[in-house]
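Visitor: Pasting a predicted model and its sequence here:
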Amino acid sequence: MGIHNEDIAVIFEEIADLLEIEDANPFRVRAYRNAARTIRGLSRELGDLLAEGKDLTTLPSIGKDLAAKIKEILESGHVSALDKLHREIPASVEDILKLPGLGPKRVKQLYHEHDIKTLAQLESAARSGKLQALPGFGKRMEQNILENIHALQTKEKRFLRHKATFYAEPLLHYLKKHKSVRETVIAGSYRRGRESVGDLDILITTGDQELVMEHFIKYEEISQVVSSGQTRATVILACGLQVDLRVVAEKSFGSALYYFTGSKAHNIRIRRLAQQQGLKINEYGVYRGSKRIAGDSEQSVSKAVGLPFIPPELREDRGEIRAALNHQLPQLIEAGNLKGDLHVHTIATDGQGTIKDMALAARKYGLDYLAITDHSRHLAVTHGLDPGRLSRQIDEIDELNTILKGVTLLKGIEVDILENGTLDLPDDILSRLDLVVAAVHSQFHLTRRKQTERILRAMDNRNFSILAHPSGRLLFEREPCNLDMEKIIRKASERGCFLELNSQPQRLDLIDIHCQQAKNEGVLISINSDAHDENDFNNLEFGVDQARRGWLEKKNVLNTHPLKSLKRLLRQTMS
DNA sequence: GCCGTTTTCGGCCCGACTGTTTTCAGTCG
């Protein structure tokens, strides 16, 4: 039940696609896309905002017309503007628009003049050689269309950033081998710390563009060169990852890095700001008339438009430019600020190391404290702890703490939240622990109301400290639970308990916008590794990246506190 | 369709690469 922001964003995107094919005013098309982006970035549900009587036109890129359309969608489940467009153009035509090389103009031509309205029809037209005869098409394009239809069916679409690193590093190494390559940077969503990337944007400075470009194209992992010019090339690696390379002169490094880092929405806003000041920003620099006034560094670019440096993680057009203008940018948390880790497993359940192994690994990583939080009995596949085994683990930790140097162990558990919202272990054993990390590991498909109430009830337990991986999502594998995260964040604020940002690359849960919302509600976030072996502490840096995207500062994060004040904070949740 | 410290109308970011052209439109990031 219920219509969520994502549903509305999808409808607006669809309207934009269809309007484009209809050759509508491109700025009107963009208005729909801007609105969709605004909606996706909201931390609150539009339905709730409307129910509270909020004026939706106060949201950026939402005016009178789109506010009315949002209302119509929320009330009726559809919008007449889209229904009307669909009477002109069937939904299947939108699939054709998604093929590379086919934009609105060609798609319109295909549909209106040749009655091609599905990918299957397009494929058969291409196979029979009819496509190449059409005006504006050609032999080459016909071939590309066939390849792209095939690729669409087989290719992996996005990569975990973590996974993209495996392919990026050897490529960077290869590029650096060339003698005229000076600097290489991965820009794009990778640099902005997004959890997944659609492609890799690599920027190179060099004195010799031509030679470097030639060198790049010869990289042996490349399976297809999509395009290659003097300064820009696009290739597909054998693993399916797309790589865009941009070669720039050194004096343009800053403006090129700014441009290539994005996000697109942020860039548009910065360029507009520049325009208002009589300046022009492009990849090569900042210009007043024909005079180049900045561009060698990113700092010089932002300074030219009167802004301080905005960290890449914030460049999503979610208020960072306003914050920068008002000198209210957050002092973002850094990996070095973490003093401990509050979610770790051992061989007692599904981990790979003993308690001592994990403690030593944590110390080596530079942490001062570590909470041992194995699973509870309900999670039988992991051989979860019952009260007796947990009690023995408590004793073992007490003993280890008397001999360990340089790192302190905390006694914890990752206890299952059962379907009715009770915790999987009795209060008398939980109350002996330093902290209780609670999590949902079953029944992911309850209704929004039931799932939310389940967690709210769990939070009422006196012993509850931290809600682990709150949404339960696994990127590319499992959707997040249907939850009213705002209610959960408010509850955490009232109750004085904490939310986890789980650093496993496929979790990264809480997501950025909920981190930001928790921060605004005064809820502290615990950035945890959820380590299952000694190397997993390295994942903490992914958690920190996500936290930075969520505007978190050191003071917003529970485990930046030294042990003494951490313990005090944990005790407060139990009172 | 949105938006406003110059504006309620007239703007809306900016440039590279490709393929099919014969000087450029379409597409993309």
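Guide: Yep, it's here.

Visitor: Distance-wise, check the closest residue in space to residue A:407 that isn't next to it in sequence relative to DNA strand B.
Guide: Of all residues not flanking residue A:407 in the chain, residue A:363 sits nearest, at 4.0 Å (Cβ to Cβ, 6 or more residues apart in numbering). C-beta here means a position set from N, CA and C on the backbone, and glycine is covered the same way. Distance of residue A:363 to DNA strand B, computed by Cβ to the nearest atom of the strand, to the nearest Å: 43 Å.

Visitor: I'd like to know how many residues surround residue A:363.
Guide: A count of neighbours around residue A:363, defined by other Cβ atoms under 10 Å, yields 17.

Visitor: what's the span of stretch A:229-249, first residue to last?
Guide: For stretch A:229-249, the first-to-last residue distance is 15 Å (Cα to Cα, to the nearest Å).

Visitor: where's residue A:227, which helix or strand?
Guide: Element membership of residue A:227 [criterion: DSSP states H and E] is strand A:222-228.

Visitor: which residues are in contact with the helix or strand that that strand is followed by?
Guide: The first helix or strand that comes after strand A:222-228 along the chain, using DSSP H and E, is strand A:232-237. Strand A:232-237 is contacted by residues A:167, A:171, A:213, A:216-217, A:219, A:221-228, A:242-247 when judged by Cβ atoms under 8 Å, 6 or more residues apart in numbering.

Visitor: hmm, stretch A:141-148 touching DNA strand B?
Guide: Yes. Using Cβ under 7 Å from any atom of the strand, stretch A:141-148 reaches DNA strand B at A:141-142, A:144.

Visitor: Helix or strand: which one has the residue of the stretch 451-575 of chain A found nearest DNA strand B?
Guide: Residue nearest to DNA strand B within the stretch 451-575 of chain A (Cβ to the nearest atom of the strand): residue A:513, separated by 19.0 Å. Counting by DSSP H and E, the element that carries residue A:513 is helix A:512-520.

Visitor: per-residue confidence averaged over the helix or strand just after that helix?
Guide: Using DSSP H and E, the next helix or strand after helix A:512-520 towards the C-terminus is strand A:525-528. Mean pLDDT, strand A:525-528: 98.

Visitor: For strand A:525-528, name the packing helices and strands.
Guide: If contacts are counted by 3 or more Cβ pairs under 8 Å, 6 or more residues apart in numbering; DSSP states H and E, strand A:525-528 sits against strand A:340-344, strand A:498-502, helix A:512-520, helix A:540-549.

Visitor: Reformat these as JSON lines; add distance to residue A:419.
Guide: What follows is the helices and strands packed on strand A:525-528, written out as JSON lines (distance: least, Cβ to Cβ, whole Å):
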{"stretch": "strand A:340-344", "distance to residue A:419": "22"}
{"stretch": "strand A:498-502", "distance to residue A:419": "21"}
{"stretch": "helix A:512-520", "distance to residue A:419": "23"}
{"stretch": "helix A:540-549", "distance to residue A:419": "28"}
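
Visitor: Out of these, which gets nearest to residue A:567?
Guide: strand A:340-344 (10.7 Å; Cβ to Cβ).

Visitor: between that closest one and helix A:540-549, how big is the angle?
Guide: Using axes from the mean of the first three to the mean of the last three Cα atoms, to 10 degrees, the inter-axis angle of strand A:340-344 relative to helix A:540-549 is 110 degrees.

Visitor: Compute the inter-axis angle for strand A:340-344 and strand A:498-502.
Guide: Using the same axes, to 10 degrees: strand A:340-344 against strand A:498-502 is 80 degrees.

Visitor: which residues touch strand A:340-344?
Guide: A:351, A:358, A:362, A:367-373, A:410, A:412, A:414, A:435, A:437, A:466, A:468, A:500, A:502, A:526, A:528-531, A:537, A:540, A:558-559, A:563, A:566.
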